[in-house]
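Fold the stuff below for me.
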Amino acid sequence: MAQWTSAVGATQLARLLASQQTRTAGPGAGGRRLPAYRALADGVRLLVLEGRVPVAARLPAERELATAVAVSRTTVAAAYESLRAEGFLESRRGAGSWTAVPAGNPLPARGLEPLPPETLGSMIDLGCAALTAPEPWLTRAVQGALEELPPYAHTHGDYPAGLPALRQALADRYTSRGIPTMPEQIMVTTGAMGAIDAICHLLAGRGERIAVEAPSYANILQLMREAGARLVPVAMAEGLAGWDLPVWREVLRDAAPRMAYVVADFHNPTGALADEDQRRQLVAAARSAGTVLVVDETMAELKLDPELELPRPVCAFDPSGSTVVTVGSASKAFWAGLRIGWVRAAPDVIRSLVAARAYADLGTPVLEQLAVTWLLDTGGWEAAVDIRRAQARENRDALVGALREHLPEWEFTVPRGGLTLWVRTGGLSGSRLAEVGERVGVRVPSGPRFGVDGAFEGFVRLPFTVSGPLADAAASRLATAARLVESGATGVADAPRSFVA
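From the prediction side, this is the model:
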């Protein structure tokens, strides 16, 4: 059986190779021009490391690629042999060749859990995309919830589908966005992670294929791995251009995944925003392939540029409700400590999710549900989200300015919403930067956390969680870490003593 999960056509690979020439063109080391086979091998290797070509993707046959990139078949054969020797390609007679990463490629060793507040001290923690609570709205919401609690205290307190009042409020919110929704289409969960976990167990059992964006949200990728899913990565378009629809159509057709997970609104980690045409086409492709499209809207309300006109929700292009399942959450738009999420889907899907919940967590805390209900019913939600947008906008602009001052060689495109900046680190290892960064007082997640099987080694994710002098200090410490990584001085003894945490 072949070891590949998706395929890259010759024309597509040629286009990807051409798109990176502006960064890789020029003579090789010492002013010597690289041999053609070496340049081709280096180009493919970089595409794999940056996630533009997924790991375990079948590459075109030698003759096909030779025609597409206008070189000899001998050149392609030599390039493939070089990639095999380096561990970036595996082959089997009759099955073709597919991409890989070397066994020794550095991979993240820890999760993305936030540091305990008491351990921060001199450490600037950029590991978690979460902001402080938008007061006074958290306090007011909890006080309002306490006032509404007495009638619920006289019940058993288990509401597997969620409090009826909250389900109605969430349904009304979708309806106000132009998506007619009934409470029967809503299930309240313990955060977005609880929602995705329930959906995966219902729709994608162990061994099932799930198509995911590459890169994608690290904690969701890990959740799916632990559920036994076979992840099929689909590369994002360059910059903030959203989804590469020809690639998505090909993956959905050829890999036939049971489920696909996407973040259409201010994607985590890249910040990309899918436009209406992309949304329409992806829903149509998923429907044609029989794939359930799970859409994560946790960043949808974090529009940071006021003049930006947002596209309609992805579920607007699935009026029958047969293809799209939507996940939302209060954790990013309001506060991570308010662990309320929800699923919007067809009533029969909601009924199945609720029935399965008896073997999971039974329900979501009542008091927190009442707090979110209070926010939605009183207008407090909009006021709090306005605070959150202003805070994130200020943090984004401060971080972007600091990076441009201290690390001008690092590359990124400024997103118009969300909470994260996806940064190419000038050829340095993101894993090494993360390791050394902690030793000089700044904690960042490396790119491979957001990919499948070691891709994105040349990236880090930086969330909009600091501003002012702290943003400047974070960029300065990252610059120190970059100099240490570049020089090879990666031991803790090499770090400046004033910054060692």
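
Toward the C-terminus, what is the element adjacent to the helix or strand of the chain with the lowest mean pLDDT?
Within the chain, confidence by mean pLDDT, DSSP states H and E is lowest for helix 21-24 among all helices and strands, at a mean of 51. Scanning forward in sequence from helix 21-24 by DSSP states H and E, the next helix or strand is helix 36-49.

chain center to that next one: distance?
25 Å (Cα atoms, centre = their mean, to the nearest Å).

how about low-confidence regions in the stretch 251-400 of the chain?
Under the criterion pLDDT under 70, no range of the stretch 251-400 of the chain is flagged.

any chance you could map the helices in it?
Using DSSP state H, counting those that start in this stretch, the helices found in the stretch 251-400 of the chain span residues 276-289, 347-356, 366-378, 380-406.

Spit out the contact partners of the closest residue to residue 181 other than its chain neighbours.
The shortest distance from residue 181 to any non-neighbouring residue, by Cβ to Cβ, 6 or more residues apart in numbering, is to residue 174 (3.8 Å). From N, CA and C alone the C-beta is placed, and that goes for glycine too. Residue 174 makes contact with 180, 181, 313, 315, 344, according to Cβ atoms under 8 Å, 6 or more residues apart in numbering.

can you redo those as TSV with distance to residue 215 and neighbour count?
Formatted as TSV, the contacts of residue 174 follow (distance: Cβ to Cβ, whole Å; neighbours: other Cβ atoms under 10 Å):
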residue	distance to residue 215	neighbour count
180	34	10
181	31	21
313	22	22
315	24	24
344	25	26
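
Filter those down to the ones in strands?
Among these, DSSP state E puts residue 344 in strands.

Columns distance to residue 68 on top of the contacts of residue 174, output as JSON lines?
Below are those laid out as JSON lines (distance: Cβ to Cβ, whole Å):
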{"residue": "180", "distance to residue 68": "47"}
{"residue": "181", "distance to residue 68": "47"}
{"residue": "313", "distance to residue 68": "38"}
{"residue": "315", "distance to residue 68": "38"}
{"residue": "344", "distance to residue 68": "43"}
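
Pick the one among the contacts of residue 174 closest to residue 437.
residue 313 (36.8 Å; Cβ to Cβ).

Look up how far residue 373 lies from the closest one.
Distance check for residue 313 against residue 373: by Cβ to Cβ, to the nearest Å, it reads 21 Å.

Run through the strands of the stretch 401-501 of the chain in chain order.
For the stretch 401-501 of the chain, the strands defined by DSSP state E, counting those that start in this stretch occupy 420-424, 442-443, 459-463.

Residue 155: which of those strands is closest?
strand 459-463 (39.3 Å).

elements contacting the closest one?
Packing partners of strand 459-463 (3 or more Cβ pairs under 8 Å, 6 or more residues apart in numbering; DSSP states H and E): strand 420-424, helix 430-439.

how big is the angle separating the shortest one from helix 380-406?
An angle of 20 degrees separates the directions of strand 420-424 and helix 380-406 when computed by axes from the mean of the first three to the mean of the last three Cα atoms, to 10 degrees.

now the strands for the stretch 201-350 of the chain?
So, for the stretch 201-350 of the chain - with DSSP E, counting those that start in this stretch - the strands run 209-214, 230-235, 259-262, 292-296, 324-329, 341-344.

Could you do the stretch 51-200 of the chain as well?
Using DSSP E, counting those that start in this stretch, strands in the stretch 51-200 of the chain cover 57-58, 89-92, 96-99, 124-125, 186-189.

winner for burial among the ones you listed?
strand 186-189 (a mean of 26; mean count of other Cβ atoms under 10 Å).

got the CA coordinates for that one in PDB?
Extracted in PDB, the C-alpha atoms of strand 186-189 (Å, rounded to 0.1, in the frame of the first residue of the first chain):
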ATOM      1  CA  ILE A 186     -27.200  24.500  18.600                       C
ATOM      2  CA  MET A 187     -25.300  22.500  21.200                       C
ATOM      3  CA  VAL A 188     -23.400  24.300  24.000                       C
ATOM      4  CA  THR A 189     -19.900  22.800  24.800                       C
END
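
May I have the residues that are in contact with residue 447?
Residue 447 makes contacts with 51, 215, 430, 431, 455, 456, 457, 458, 459, 460, 461, as judged by Cβ under 8 Å, 6+ apart.

now it: how far from residue 163?
Distance from residue 447 to residue 163, by Cβ to Cβ: 40 Å.

can you check residue 238 too?
For residue 238, the distance to residue 163 - Cβ to Cβ - is 44 Å.

How about residue 300?
Distance check for residue 300 against residue 163: by Cβ to Cβ, it reads 22 Å.

Apart from its chain neighbours, what residue comes closest to residue 287?
Once flanking residues are discounted, residue 287 sits nearest to residue 323: 4.6 Å by Cβ to Cβ, 6+ apart.

Give the burial count for the one you found, as a bare number.
Counted with other Cβ atoms under 10 Å, the neighbours of residue 323 add up to 23.
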